[in-house]
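Visitor: This is the structure alone, sequence omitted:
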C-alpha cells in the first residue's frame, strides 16, 4: 500500500507546521526533550518487544505518553518516537482536533503492521526528522556529484541509513 502524492504532501506540511509551532531545532539531538516540550513523556517498557517498537496514548487533558522498547538502536528509537508523534498529530487530534483528542481515553496506537495509518505515521516521522530543505542541504554536502553518502546523511539526522535513503528517494533526490 502506497500513500498518494497528495497525502504525502499533506503529511509533510503537517510535520513542517509541528516543527515551526514547537520551534524544533533540526537535526533533533534529544527527541525526548522535544516530546517534553509538547507536553509528553517517553518511557521505556521492556514488555514491548517483537510486537512493536513503541506505542502512544493520551495521559491527561494536554499530555501523552510514548512507550518504547529499550531493545532498539538510538536511530531506531528516534524514528519510533517520531512515528508515534505522527499518530499523535495525524490520528489522535492532539492540538489539531479537540473532539477527536477528547475521545482518546482508552486508545493506544502501536508501531506495527502495514495499515495506511502506519504508513502515514512513517511518512510523518521521516518528514519530521529530515525536513526537505535541510535534507537537500546535508545531501549536497555529502556528494561527489554522482554518489551520495547516505551514511553521513543518516548520522547527521540521527536515523538509520535505510531511513535516510528512503527519505531521499521519496524527495526525488536519490534513485529507487
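Guide: Sure thing, it's come through. Everything numeric here is computed off the predicted structure, so don't read it as measured data. Numbers count the residues shown, from 1 in each chain.
Visitor: Helices of the protein, residue ranges please.
Guide: All helices of the chain, identified by DSSP state H, fall at 5-21, 31-38, 74-86, 98-102, 116-129, 132-141, 150-157, 161-170.
Visitor: Kindly compare burial across those and name the winner.
Guide: Mean neighbours per residue, mean count of other Cβ atoms under 10 Å, is largest over these for helix 74-86, with a mean of 24. All C-beta spots, glycine's among them, are computed from the backbone N, C-alpha and C.
Visitor: for this protein, what are the low-confidence residue spans?
Guide: 1, 49-51, 106-114 (pLDDT under 70).
Visitor: Quick one: closest of the helices of the chain to residue 176.
Guide: helix 161-170 (5.5 Å; Cβ to Cβ).
Visitor: Look up the closest residue to the residue nearest the centre of the chain, ignoring the ones flanking it.
Guide: In the chain, the centroid-proximal residue (Cα atoms, centre = their mean) is residue 125; its distance is 1.9 Å. Spatial nearest neighbour of residue 125, chain neighbours left out: residue 82 (3.6 Å); criterion: Cβ to Cβ, 6 or more residues apart in numbering.
Visitor: ok, now how distant is the one you found from residue 18?
Guide: As judged by Cβ to Cβ, to the nearest Å, residue 82 and residue 18 stand 10 Å apart.
Visitor: Check residue 156 too.
Guide: In terms of Cβ to Cβ, residue 156 sits 20 Å off from residue 18.
Visitor: Repeat that for residue 144.
Guide: For residue 144, the distance to residue 18 - Cβ to Cβ - is 34 Å.
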